[in-house]
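Visitor: heads up, no residue letters with this:
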């Protein structure tokens with residue numbers, strides 16, 4: 001499934017690691033034989049009612065009891081504006097990202113278009129910046145043809161100085177369900193960059209199996225009583 005909105009794009013969403021996550025979840029109570037999910041290798045086919053119920057209760061119990069969520073990995077190709085990436089980069093723990101080089105894709109090689117930027121509304125100043133970037137890029141290509149290395153470096157510096165935070169960059173990211181739930185709890189429908197974060201969160205809520213069920217369980221989470229904990 002591909003999600004596209006105003007220059008932003010999310011696709012290639014995959015989840016993995018379900019088999020060992022489910023097994024590990026049941027180790028503390030030695031209840032592996034009670035697992036009722038259908039898993040093909042590490043790819044989930046269907047969660048059984050017993051496993052889903054236990055997962056939701058453990059997720060609600062907090063991070064100490066929901067460690068299995070860290071074992072369910074998610075990878076996706078995500079294209080978002082630099083302003084959004086600055087906030088996403090606060091999630092450094094258990095995340096990996098490989099980005100398209102600003103130097104080798106688009107910027108410096110091809111003329112950019114409106115589709116390379118995120119804007120709620122295209123304005124005159126947006127067009128001015130786009131034209132300025134493309135003008136410098138053409139100068140860089142000419143300096144490259146003329147083998148003028150010194151001028152090329154100067155133009156690259158000038159180009160980096162004028163790139164706006166609305167320019168979109170594509171990265172392949174890898175993280176896990178616990179990170180996703182943390183993001184949903186702190187960013188979804190409450191963040192200042194609401195359109196960008198809601199676009200991101202809705203894509204993963206739509207494509208990641210059972211993520212919505214876990215999110216609905218944890219968004220109003222509270223500490224468990226002693227009796228509730230014993231029932232885990």
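Guide: Good, I have the coordinates. Everything numeric here is computed off the predicted structure, so don't read it as measured data. Residues are numbered from 1 along each chain as shown.
Visitor: okay, now residue 20: neighbour count?
Guide: Number of residues near residue 20 (other CB atoms under 10 Å) recorded here: 14. Quick note: C-beta positions are derived from backbone N, CA and C, even for glycine.
Visitor: okay, now residue 77: neighbour count?
Guide: By other CB under 10 Å, 16 other residues sit near residue 77.
Visitor: which positions in stretch 158-168 come out as buried?
Guide: Across stretch 158-168, burial judged by 16 or more other CB atoms under 10 Å covers 159, 164, 166, 167, 168.
Visitor: check which helix or strand the closest residue to residue 149 other than its chain neighbours maps to.
Guide: Spatial nearest neighbour of residue 149, chain neighbours left out: residue 143 (8.0 Å); criterion: CB to CB, 6 or more residues apart in numbering. Secondary structure assignment for residue 143, by DSSP states H and E: helix 124-145.
Visitor: contacts for that helix?
Guide: Defining contact as CB atoms under 8 Å, 6 or more residues apart in numbering, one finds that helix 124-145 is touched by 107-114, 117, 119, 149, 151-152, 155-156, 158-159, 162-164, 166.
Visitor: ok, now with 7 Å
Guide: In this structure, residues lying in contact with helix 124-145 by CB atoms under 7 Å, 6 or more residues apart in numbering are 108, 111-112, 117, 119, 151-152, 155-156, 158-159, 162-164.
Visitor: dump those to TSV, plus secondary structure and pLDDT.
Guide: Putting the contacts of helix 124-145 into TSV (DSSP: H, G, I helix; E, B strand; the rest coil; pLDDT from 0 to 100) gives the following:
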residue	secondary structure	pLDDT
108	coil	51
111	coil	84
112	coil	89
117	strand	92
119	coil	86
151	helix	95
152	helix	92
155	helix	93
156	helix	90
158	helix	92
159	helix	90
162	helix	91
163	coil	91
164	coil	93
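Visitor: which of the buried residues of stretch 158-168 sit farthest apart?
Guide: Using CB to CB, the pair of the buried residues of stretch 158-168 lying farthest apart is 159 and 168, separated by 16.2 Å.
Visitor: my read: residue 50 touches residue 33, true?
Guide: No - Residue 50 is beyond contact range of residue 33, at 10.8 Å (criterion: CB atoms under 7 Å).
Visitor: phi and psi next, for the nearest residue to residue 171 once chain neighbours are set aside.
Guide: Nearest residue to residue 171, sequence neighbours excluded (CB to CB, 6+ apart): residue 99, at 4.2 Å. The phi and psi values for residue 99, taken as degrees, to the nearest 10, are phi -110, psi 150.
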